[in-house]
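*Asks:* attaching a predicted model along with its sequence, questions to come.
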Amino acid sequence: MLKACLNGTRRRDEHPAVPLTPAELAADAVRCAAAGVAAVHVHPRDDTGAESLDPAVIATAVTAIRASRPGLPVGVSTGAWIVPDPAERVAAVRAWTVLPDFASVNAHEPGAAQVAAALHERGVMVEAGLWTPAAVDAWGRWSAPTGRILVECMAEQVETALADAAAILAALPDQRPPVLLHGEGPATWPVYAEAVRRGLHTRIGLEDTLLLPDGTQAPDNATLVTTA
């Protein structure tokens, strides 16, 4: 499965094609789905351009994508940098009026288990974001079921990212949910190739990289997906 990660924490001044508004996210989702992705992951923004877990912000973005591309699974982030207080993150999830199909929860963040539980209570599939082997232990203590594991290699140095991927994968139990492996920055494409080699799900998009494999700037998300 290939997922498109459309915007992440990117700003427009980093790349002119970063989609921020609901309409832009929807248009990008349509293009990426036509190019072959099976799902999209987005970071909805409020009117100021800031990432938000506010029910109205989540609802507007998710609804726009679903209206433009019915049937395409849509996921969002619950990263602690968006709402630092764990109790407020849980409250936000419980207040959502339109539910995404899935949401990522970083296992190393404070309150991750509670956020995952709140998502499960709402019927949202939980993606467990594992950045380190230690995060595997934290995830193992969750009570909420996990629908997908995200092995996320955050190191920019390629050898380090690949070593991190191997270490996290080795720490996972034999009986586990499906795994999606991806990198960021300069390690994006090498980790992508490793995911393909291992037969794992993976993702691509402007959240992870602004560059094509040859080092030139990617025009947009759809080009990254087509290249992948």
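*Replies:* Right, received. Where do you want to start?
*Asks:* got the residue ranges for the helices in the chain?
*Replies:* 22-35, 55-68, 86-95, 112-122, 133-140, 158-171, 188-198, 221-227 (DSSP state H).
*Asks:* so for the residue nearest the centre of the chain, what's the pLDDT?
*Replies:* Centrality entry for the chain: nearest residue to the mean C-alpha point is residue 41, 4.9 Å, by CA atoms, centre = their mean. The per-residue pLDDT reported for residue 41 equals 98.
*Asks:* identify the bridge partners of it.
*Replies:* residue 5, residue 75 (DSSP bridges).
*Asks:* use 481 as the first number for this chain going forward.
*Replies:* Done: numbering now begins at 481, and the last item shifts to residue 521.
*Asks:* wait, it sits on residue 485?
*Replies:* Yes - under the criterion of CB atoms under 8 Å, residue 521 lies in contact with residue 485, with a separation of 4.6 Å. Where you see a C-beta, it was placed from the backbone N, CA and C, and this is true even at glycine.
*Asks:* anything in contact with each of those two?
*Replies:* Residues touching both residue 521 and residue 485 (CB atoms under 8 Å, 6 or more residues apart in numbering): 683, 685, 687.
*Asks:* which one of those sits in the busiest neighbourhood?
*Replies:* The member of the shared contacts of residue 521 and residue 485 surrounded by the most neighbours (other CB atoms under 10 Å) is residue 685, with 31 neighbours in all.
*Asks:* hang on, isn't that one packed against residue 486?
*Replies:* Yes - counting by CB under 8 Å, residue 685 does reach residue 486; the two are 5.3 Å apart.
*Asks:* joint contacts of those two?
*Replies:* 512, 521, 701.
*Asks:* closest one of the residues you listed to residue 626?
*Replies:* Set against residue 626, the nearest of these by CB to CB is residue 521 (15.8 Å).
*Asks:* how far away is that closest one from residue 699?
*Replies:* Plainly put, residue 521 is 20 Å away from residue 699 if you go by CB to CB, to the nearest Å.
*Asks:* for residue 587, same thing?
*Replies:* Relative to residue 699, and taking CB to CB, residue 587 is found at 34 Å.
*Asks:* and if you look at residue 543?
*Replies:* Note on residue 543: its distance to residue 699, by CB to CB, is 27 Å.
*Asks:* so which of those two has more stuff around it?
*Replies:* More neighbours surround residue 543 than the other of residue 543 and residue 699, with 15 against 12 (other CB under 10 Å).
*Asks:* was I right about the more buried one contacting residue 580?
*Replies:* No - if you go by CB under 8 Å, residue 543 and residue 580 don't touch, sitting 10.4 Å apart.
*Asks:* who touches both of the two?
*Replies:* Applying CB under 8 Å, 6+ apart, one finds that no residue jointly contacts residue 543 and residue 580.
*Asks:* about what we covered before: now the shared contacts of residue 521 and residue 485 as JSON lines including distance to residue 636 and pLDDT?
*Replies:* As requested, the shared contacts of residue 521 and residue 485 are arranged in JSON lines below (distance: CB to CB, whole Å; pLDDT from 0 to 100):
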{"residue": "683", "distance to residue 636": "17", "pLDDT": "98"}
{"residue": "685", "distance to residue 636": "17", "pLDDT": "98"}
{"residue": "687", "distance to residue 636": "15", "pLDDT": "98"}
